[in-house]
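Visitor: Sequence first, predicted coordinates after that:
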Amino acid sequence: MAVISIERMGLLSVVCVCLLFSSAFAVDRGNFKTCDQSAFCKRQRALKPGQSPYRALLDTLELSDSRLTLQLINDNNKVHLLLELYRLQGNMTRVKINELKPLKPRFEVPDVLIAEPPTEPLSFLSKDENGVVLSLGAESQRLIVSARPFRLDIMEGPEVLLSLNSRGLLAFEHLRLRKDTQAQPDGAEVKESADGDQQQEEGEKDEDGERDKEEDGLWEETFKSHTDTKPNGPTSISLDFSLPGVEHVYGIPEHADNLKLKTTDGGDPYRLYNLDVFQYELYNPMALYGSVPVMLAHNTQRTMGIFWLNAAETWVDISSNTAGKTVFGKMLDFVQGSSETPQTDIRWFSESGIIDVFIMLGPKPSDVFLQYASLTGTQSFPPLASLGYHQCRWNYNDQEDVKSVDQGFDQYDIPYDFIWLDIEHADGKRYFTWDPHKFSQPKEMLQGLMDKRRKMVAIVDPHIKVDSGYKIHDEITSKDFYTKNKDGGNYEGWCWPGNSGYPDFTNPEMRAWWASMFSYDQYEGSMENLFTWNDMNEPSVFNGPEVTMHKDALHGNWEHRDIHNIYGLYVQRATAEGQVQRSGGVERPFVLTRAFFAGSQRYGAVWTGDNAAEWDHLKISIPMCLSLGLVGISFCGADVGGFFKNPSTELLVRWYQTGAYQPFFRAHAHLDTTRREPWLFGPENTALVREVIRQRYALLPYWYQLFYHAHKTGMPVMRPLWVDYPKDTATFTIDDEYLIGRDLLVHPVTEEGSRGVTAYLPGAEEVWYDVHTFQKHNGVQNLYIPVTLSSIPVFQRGGSIIPRKDRVRRSSACMENDPYTLYVALSPKKFAEGELYIDDGHSFNYETKTELIHRRLTFAKNALTSSNLCPDCKFLTSSWIEKVLILGASKPRKVLLKMDGKETPVDFEFDASMSVLTLRKPGMNAGNDWTLLLQ
């Protein structure tokens, strides 16, 4: 949640802090930098494409089995860089560029890669004075290193897939001593400005190295009232990438923008810098709460990815030679025989660190997801209950309020799994505590929920109240675990408790201690059904520059500027590890985070932050979660109903319908909003919300199976249509509908007063079935769908089998042994396949003991068969198959169940008008081998 009310602080002295924030419901852009206000961004962006000053020194080239090293020299200032090239397993290339002899080490991001990526042999194909050609193994792929100017090209056959430094925008600001305090060391450079600034206007050249006295921001930078001391001087880095044949790029979340990234010519670049942004604006490149420096490029021939491993403030420029051309203009080019190949050019620049980039060459979308997962890990496999419905607001007032809301769900027969407590539950916002008056008996409250097989989430933020009587603060102080300010004292800033310290989560000893605080004997009042929400972990500092930590704060030997974007990942990681440890390593954690980075998918869920009860915020939740899914973070959702403001009844219903078909499904609201539990808007609207929440619970077996696959393969759960239809150009810019797995297509209604939506159904020679009416529609068409307030257009792909549990109870755990209904949607060739995945829903036993059921369901040649995908797995279930619906079927004479060597008849009904065959109570156990024969 963002800063908004003085009352929450409880301290008069924070009035001056809160004056920084607009009282209106809109972001105060003045609190956040533009590129022109970020000295390194302005400096780097001033460099224009042209002849690169960097040259490869081919006589320094060394090639081992897996690594090529080569020195580069900037001919303008004679600085030497070290280039390292690696060919990685799985069709990836890694490029690292660092100073050859830096004055001191430059930061390299730890803890994001799950291991050092395994390499494959590199070999020479040719070499001369102009460069070298290396084999990348598969499919005639080659890496060409050009010497003067330095450039890298990755080719496949005659085609260039990707080029580095083709526009000459490599720039590496080397570490140096400040000239006005110390003499130049031997061998140090003669220029005190952005390496490469020779590409600027001639009059700006400064060969005597005095430019730092003329240009602000090299050794000190001021934004509003905050001064950033820069003891290391200018250290920024930049590299450009060219993608021939590419018009569509995606990723680099988090931004409140369309799925397809826009060109940034004439505006700011996309910014990656984790920030607490008060009610963010839509459709712009401003930074938000999280940063994943991964971009995907896609065309009909190939999908590729670029992973820029840098945790400092980063900006990304995108330009395209087809930007702005209308469809007519492109047709005219074609008719006139224009030979210009579409091309997208990308430029990354970061404030510090090194260049460390992974080029993922696909070629299929699923290959890129697997490649990225092999580097940073897959989505953690969440407990089944966390895929249910979550009820939250800032704040449920006390234990009686929690009990009343819990009883309301029973009274109105609406299922839910988690109720949430925001910051007011703690004693004076001292995390790991409970308010002694409002939540005096937390175990009694948690036991009441446990008796109904429900759970709770309580917030634990990473800012710690500076209070000598507070155990958490005292222990962090005694262990010297706080982040330091530039002068070496404990860094302090204002947040919800008032004056706060910020633990140094980059320190593994600090993280281990934090994890230990979640043990039941340390976190008083906690029980096994209490889980955690990490908010404000950008980190949010109300009186800090851009509402965050000063860049010259210290984490051990490193400045905060080096590590900023991974701080939130470390907080979530330590919290998740604490939950695992409290159970002796048995139970899966559930942790929601607001700030994130590459690799955060390993530790839990993410939400899109402090949105508003507006139709456009409902719409933007779709591309925001799609973008996160493309870069590994599948467990994404938005605050249902909008955090700020009060939604109209229509908006609230539409948001429930959308949220029920997004991975993380939580309603949340601001302290100053009116209460909006689902039953407070009249019986008709209560019925609509109840119905869509029940749809969510019926589909939990499918959601759970998709998260198992995401955990194993990196495939996103909620994904754009082009992922499964990569050659269909009509899908490349669609972001108002999406797929859940391969087999469900959802087009939420996101327009006020809508009477109909047009959904694009992809797939030549495919059919789609409306899941509510079972009506069949052909693929590759724009289908107009009339809607009422009860409508949520959802289609099942012909050729798929989806398991559901249609008996919905008060929580997911209560459904554990309930029977399954199989929805078999036949393709035009009368074929369908799907899976059924079952485990205990909460432990790591699926992994440590292979306690799971994983079955393939296949319909072919008029027979539906369940076969075992994991013969070595052992798990027993009481669930059975209660019903089978076959969509697109013909009427059989009889239906037989073949199991254990016996054949028994099965009752059936056939609806000729809809071609739906219903098999009633075939009765087989969900874990058994069986075949249903249609004769």
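Guide: Perfect, I can see it now.
Visitor: When you work out contacts or count neighbours from here on, use the C-alpha atoms and nothing else.
Guide: Will do.
Visitor: From the rest of the structure, what touches stretch 426-436?
Guide: Applying Cα atoms under 8 Å, 6 or more residues apart in numbering, the contact partners of stretch 426-436 are 423-425, 440, 442, 459-461, 464-465, 470, 496-497, 517, 523-525.
Visitor: Got a ChimeraX select line for the buried ones in these?
Guide: Those of the contacts of stretch 426-436 that count as buried under 16 or more other Cα atoms under 10 Å are selected in ChimeraX with:
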select :423,424,425,442,459,460,461,464,465,496,497,517,525
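Visitor: among the contacts of stretch 426-436, which are in helices?
Guide: Of the positions in the contacts of stretch 426-436, P442 sit in helices, assigned by DSSP state H.
Visitor: Looking at the contacts of stretch 426-436, which are in strands?
Guide: Counting by DSSP state E, the members of these that fall within strands are 459, 464-465.
Visitor: from these, which is closest to V292?
Guide: I459 (23.8 Å; Cα to Cα).
Visitor: what's the nearest residue to K776 if we skip its chain neighbours?
Guide: Y769 (4.5 Å; Cα to Cα, 6 or more residues apart in numbering).
Visitor: isn't the one you found right next to I801, touching?
Guide: No - counting by Cα atoms under 8 Å, Y769 does not reach I801; the two are 11.9 Å apart.
Visitor: neighbour count winner among the two?
Guide: I801 (28 against 22; other Cα atoms under 10 Å).
Visitor: Dig out what that one forms beta bridges with.
Guide: Applying DSSP bridges to I801 gives these bridge partners: V824, G834.
Visitor: Now for it: which residues touch it?
Guide: 822-825, 832-835, 857-858.
Visitor: Look up how far T858 lies from it.
Guide: 8 Å (Cα to Cα, to the nearest Å).
Visitor: Mind listing the shared neighbours of these two?
Guide: With Cα under 8 Å, 6+ apart as the test, I801 and T858 both reach 832-834.
Visitor: hang on, W315 is in a strand, isn't it?
Guide: Yes - counting by DSSP: H, G, I helix; E, B strand; the rest coil, W315 is part of a strand.
Visitor: ok, and the closest non-adjacent residue to it?
Guide: In space, W315 is closest to R271, 4.5 Å off (Cα to Cα, 6+ apart).
Visitor: Tell me who's in contact with the closest residue to M715 other than its chain neighbours.
Guide: Of all residues not flanking M715 in the chain, F369 sits nearest, at 5.9 Å (Cα to Cα, 6+ apart). Neighbouring residues of F369 by Cα under 8 Å, 6+ apart: 630-632, 713-716.
Visitor: residues in contact with the residue nearest to W315?
Guide: R271 neighbours (Cα under 8 Å, 6+ apart): 285-287, 313-316.
Visitor: Confirm it sits in a helix?
Guide: No - counting by three-state DSSP, one finds R271 to be strand, located in no helix.
Visitor: Need the pLDDT of it.
Guide: R271 is assigned a predicted lDDT (pLDDT) of 98.
Visitor: before we move on, the earlier item: which one of the contacts of R271 is nearest D552?
Guide: Taking the contacts of R271 together and measuring to D552 by Cα to Cα, the closest member is E313, at 13.0 Å.
Visitor: dump the residue contacts of that closest one.
Guide: 271-273, 350-352, 561, 564-565.
Visitor: CSV please, covering these and showing distance to N76.
Guide: Shown next, in CSV, are those (distance: Cα to Cα, whole Å):
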residue, distance to N76
R271, 29
L272, 30
Y273, 31
S350, 22
E351, 21
S352, 21
R561, 28
H564, 32
N565, 33
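Visitor: So how do I select the buried members of those residues in PyMOL?
Guide: Applying 16+ other Cα under 10 Å to the contacts of E313, the buried members can be selected in PyMOL as follows:
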select buried, resi 271+272+273+350+351+352+561+564+565
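Visitor: quick one on the thing from earlier: identify the contacts common to Y769 and I801.
Guide: Shared contacts of Y769 and I801, counting by Cα under 8 Å, 6+ apart, come down to A825.
Visitor: does Q447 count as helix, strand or coil?
Guide: helix.
Visitor: Against R675, how distant is it?
Guide: To R675, Q447 is 25 Å away according to Cα to Cα.
Visitor: what about the helix or strand L628 falls within, average pLDDT?
Guide: Per DSSP states H and E: L628 is located in helix 615-630. Mean pLDDT, computed over helix 615-630, is 98.
Visitor: Neighbouring strands of the following helix or strand past that helix in the sheet, and parallel or not?
Guide: Using DSSP H and E, the helix or strand that follows helix 615-630 in sequence is strand 636-637. Pairing partners of strand 636-637, with direction, according to DSSP bridges: strand 605-607 (parallel).
Visitor: ok, residues contacting the strand it pairs with?
Guide: 590-596, 633-639, 664.
Visitor: Nearest to N485 among those?
Guide: The closest of the contacts of strand 605-607 to N485 turns out to be A595 (Cα to Cα; 21.7 Å).
Visitor: Please report phi then psi for the residue nearest to M715.
Guide: phi -60, psi -40 (degrees, to the nearest 10).
Visitor: roughly how far apart are it and R573?
Guide: F369 is 22 Å from R573, by Cα to Cα.
Visitor: try L169
Guide: Taking Cα to Cα, one finds L169 at 36 Å from R573.
Visitor: and the two? which has more neighbours close in?
Guide: Counted by other Cα under 10 Å, L169 and R573 do not tie: L169 has more neighbours, with 30 against 23.
Visitor: any idea how far the nearest residue to N925 once chain neighbours are set aside lies from T931?
Guide: Once flanking residues are discounted, N925 sits nearest to W880: 4.2 Å by Cα to Cα, 6+ apart. Counting by Cα to Cα, the gap from W880 to T931 is 14 Å.
Visitor: hang on, the earlier thing: identify, from the ones in strands among the contacts of stretch 426-436, the entry nearest to I693.
Guide: I459 (24.3 Å).
Visitor: pretty sure that closest one is touching N537, no?
Guide: No - counting by Cα under 8 Å, I459 does not reach N537; the two are 11.6 Å apart.
Visitor: which stretches of the stretch 501-650 of the chain form strands?
Guide: 530-534, 554-555, 558-559, 591-593, 605-607, 636-637, 639-640 (DSSP state E, counting those that start in this stretch).
Visitor: so what's the backbone phi/psi at Y769?
Guide: Dihedral angles (degrees, to the nearest 10) for Y769: phi -110, psi 130.
Visitor: State the pLDDT value of it.
Guide: pLDDT, Y769: 98.
Visitor: Show me the shaky parts of this structure.
Guide: 1-25, 138-139, 180-215, 323-339 (pLDDT under 70).
Visitor: Quick check: the gap between N507 and Y482.
Guide: In terms of Cα to Cα, N507 sits 10 Å off from Y482.
Visitor: quick one, which of these two is more surrounded?
Guide: Shown here are N507 and Y482; by other Cα under 10 Å, Y482 has more neighbours (25 against 15).
Visitor: partner residues bridging the more buried one?
Guide: According to DSSP bridges, beta-bridge pairing links Y482 with P503.
Visitor: Nearest to L530 among the contacts of R271?
Guide: The closest of the contacts of R271 to L530 turns out to be A287 (Cα to Cα; 31.9 Å).
Visitor: Next, count neighbours for the closest one.
Guide: Neighbours of A287 (other Cα under 10 Å): 26.
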